[in-house]
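Novice: the following block contains a protein sequence and its predicted model.
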Amino acid sequence: MSGASFIHGFHAIIARLRLDANSVHELYCDGARADPRMRDLVKLAEGLGLRVLQVDARRLDGMAPPGRHQGVVARVDALRRQFSVEDLLDELKEPPLLLVLDGVQDPHNLGACLRVADAAGCHAVIAPKDLAVGLSATVIKVASGAADSVPYIAVTNLARTLRELKERNIWVVGADAVASEDLYAADLPAALAWVLGAEGEGLRRLTRETCDQLVKIPMLGQVESLNVSVASGVVLFESRRRRSTGAGARGA
């Protein structure tokens, strides 16, 4: 059981059971809960031949963040493949669509970004090893299964990685509130890496300078900026829209 760890929360556990039930060893449930949601999960797990253990809440608190596990914890094998950027790009059969996060430190934001990336068909999320939250248990729970389905690649030097992407003919575009060019008017290629900055701080100077292009999401109301996961959704789905319609995009 080398590499085994714990995941928690209904969405994350159900997603793992559907993706790879063989990677789940045991399901621990709060014995005090007997509501329909818990019964449905237990039925699913038992139907897959999984061992289900009824335990008290204190034991669950020792496996996952107290008060956040929703009364369910699973012991699982590490499922995520360890990708390098080069290996990932070599495997792709279509122009890359990547999400690069420059120092996102809030686990809920990273989990939400992974979920958005999965929904938009993004090929990977790339982030620096330092000044970033990494794949914590909270991130995996918030991602609701996307931490297993979307490669998360932590790199030592983000600026160097961006330059390497450019050498592979991937256009690097930063989303920046002070950019002069509007997202919806911008001419963008198919092979694309979107770069978004940390909460409240935006892109770091070197990251901004390394981008090929900077664009802004037009803001029509009173708020000045969007949460990074919301902004990720806007730019990634705009890229997907252009791919499906061929609108406003250069060739790869």
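Specialist: In hand now; what should we look at?

Novice: can you map out the helices along the stretch 101-250 of the chain?
Specialist: Ranges of helices in the stretch 101-250 of the chain, per DSSP state H, counting those that start in this stretch, are 107-119, 137-143, 146-149, 158-167, 205-210, 228-245.

Novice: quick one: low-confidence ranges for the stretch 1-150 of the chain?
Specialist: For the stretch 1-150 of the chain, the stretches with pLDDT under 70 are 1-4, 78-82.

Novice: hmm, try it at 50
Specialist: Residue ranges of the stretch 1-150 of the chain with pLDDT under 50: 1-2.

Novice: picking up where we left off before, so which of the helices of the stretch 101-250 of the chain is nearest S180?
Specialist: helix 205-210 (13.2 Å; Cβ to Cβ). Any C-beta I mention is one placed from the backbone N, CA and C, and that applies to glycine too.

Novice: what comes up buried for that closest one?
Specialist: Neighbour counts over helix 205-210 (16 or more other Cβ atoms under 10 Å) mark 207-208, 210 as buried.

Novice: just put those residues in JSON lines and tack on pLDDT and distance to D130.
Specialist: Formatted as JSON lines, those follow (pLDDT from 0 to 100; distance: Cβ to Cβ, whole Å):
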{"residue": "T207", "pLDDT": "95", "distance to D130": "13"}
{"residue": "R208", "pLDDT": "95", "distance to D130": "18"}
{"residue": "T210", "pLDDT": "97", "distance to D130": "17"}
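
Novice: wait, a helix at V76?
Specialist: No - V76 sits outside any helix when classified using DSSP: H, G, I helix; E, B strand; the rest coil, being strand.

Novice: residues contacting it?
Specialist: Shown in contact with V76 (Cβ atoms under 8 Å, 6 or more residues apart in numbering): 4-7, 16, 23-25.

Novice: only the buried subset of those residues, as a ChimeraX command please.
Specialist: Command for ChimeraX that selects the buried part of the contacts of V76, burial taken from 16+ other Cβ under 10 Å:
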select :6,7,16,23,24
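
Novice: so what's L88 closest to, chain neighbours aside?
Specialist: Of all residues beyond its chain neighbours, the one nearest L88 is A124 (5.4 Å), with distances taken as Cβ to Cβ, 6 or more residues apart in numbering.

Novice: sorry, back to before: in TSV: the contacts of V76, plus secondary structure and distance to L97.
Specialist: Putting these into TSV (DSSP: H, G, I helix; E, B strand; the rest coil; distance: Cβ to Cβ, whole Å) gives the following:
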residue	secondary structure	distance to L97
A4	strand	32
S5	strand	29
F6	strand	31
I7	strand	27
R16	helix	25
S23	helix	27
V24	strand	30
H25	strand	34
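
Novice: and the contacts of V76, which is closest to C113?
Specialist: Closest approach to C113 among the contacts of V76 (Cβ to Cβ): I7, at 18.0 Å.

Novice: my read: that closest one touches V73, true?
Specialist: Yes - between I7 and V73 a contact is recorded at 7.4 Å, counting by Cβ atoms under 8 Å.

Novice: out of the helices of the stretch 101-250 of the chain, which gets nearest to Q54?
Specialist: Closest approach to Q54 among the helices of the stretch 101-250 of the chain (Cβ to Cβ): helix 137-143, 21.1 Å.

Novice: give me the contact list for the helix or strand containing Y28.
Specialist: According to DSSP states H and E, Y28 maps onto strand 24-30. Contacts with strand 24-30, where a contact means Cβ under 8 Å, 6+ apart, come from 1, 4, 13, 16-17, 38, 41-42, 45, 48, 50-57, 59-60, 63, 71-77.

Novice: buried ones in that strand?
Specialist: By 16+ other Cβ under 10 Å, the buried positions in strand 24-30 come out as 24, 27-30.
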